[in-house]
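> dropping a prediction and its sequence here:
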Amino acid sequence: MQTLLIGIGAVVGSGHICWATGLGISKEAPEGAVPQNVIYSFYFGAAVLLSAIIWTRFVSTKEYPPDFYEEEHKEEKTTKFKIPKTMWQLLLVQFFSWFALFSMWVFTTAPAVALHFYNSPDPNSAGYQEARNWVSLVWHL
């Protein structure tokens with residue numbers, strides 16, 4: 001369930017810059033300023049994160065005193081440390097997935113796409129802004 005929700009959040013978050021532009025929010029900004037579509041996307045993401053934290057803390061998660069957990073898990077403390085085979089497999093999958101994501105985040109950035117595909121290294125140019133939206137759309141997919 002956690003992976004599903006993380007995936008949904010990544011898709012929605014990546015696409016929000018393009019959606020904001022599609023709603024008519026400006027993707028261009030004067031030199032030294034951040035475009036409005038990026039600002040509104042950040043505020044939207046912050047509001048969703050804060051809402052999730054508030055929901056988890058005050059609505060959906062009950063906290064128990066430490067004694068509750070100690071009695072339940074007394075038997076487990078005496079067993080030796082052992083990682084099941086499935087967890088080792090999951091470790092490998094997660095390692096290579098995160099390695100691929102790290103590579104994507106490093107090499108598929110708006111400056112790289114703007115320079116190589118739009119020939120526009122200036123962050124204030126329309127080509128650079130279009131490259132940023134394109135990268136957002138690709139990450140969204």
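Now that the structure is in, tell me what you want to look at. Computed from a prediction, not measured in an experiment: that's the story for all the values here.
> immediately after the helix or strand bottoming out on mean pLDDT in the chain, which helix or strand?
Least confident helix or strand, the chain: helix 74-78 with a mean of 59, by mean pLDDT, DSSP states H and E. Tracing the chain past helix 74-78, the next element assigned as helix or strand by DSSP states H and E is helix 85-107.
> name the residues that touch the next helix or strand after that next one?
Once the chain leaves helix 85-107, the next helix or strand it forms, by DSSP H and E, is helix 110-117. Defining contact as CB atoms under 8 Å, 6 or more residues apart in numbering, one finds that helix 110-117 is touched by 120-121, 123, 125, 127-128, 131-132, 134-135. Placement of C-beta: from N, CA and C, glycine included.
> would you show me how to pick out the buried ones of these in ChimeraX?
The ChimeraX selection below is limited to those of those classed as buried (16 or more other CB atoms under 10 Å):
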select :120,123,127,128,131,132,134,135
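> now, the contacts of helix 110-117 that are in helices?
The helices, defined by DSSP state H, take in 127-128, 131-132, 134-135 from the contacts of helix 110-117.
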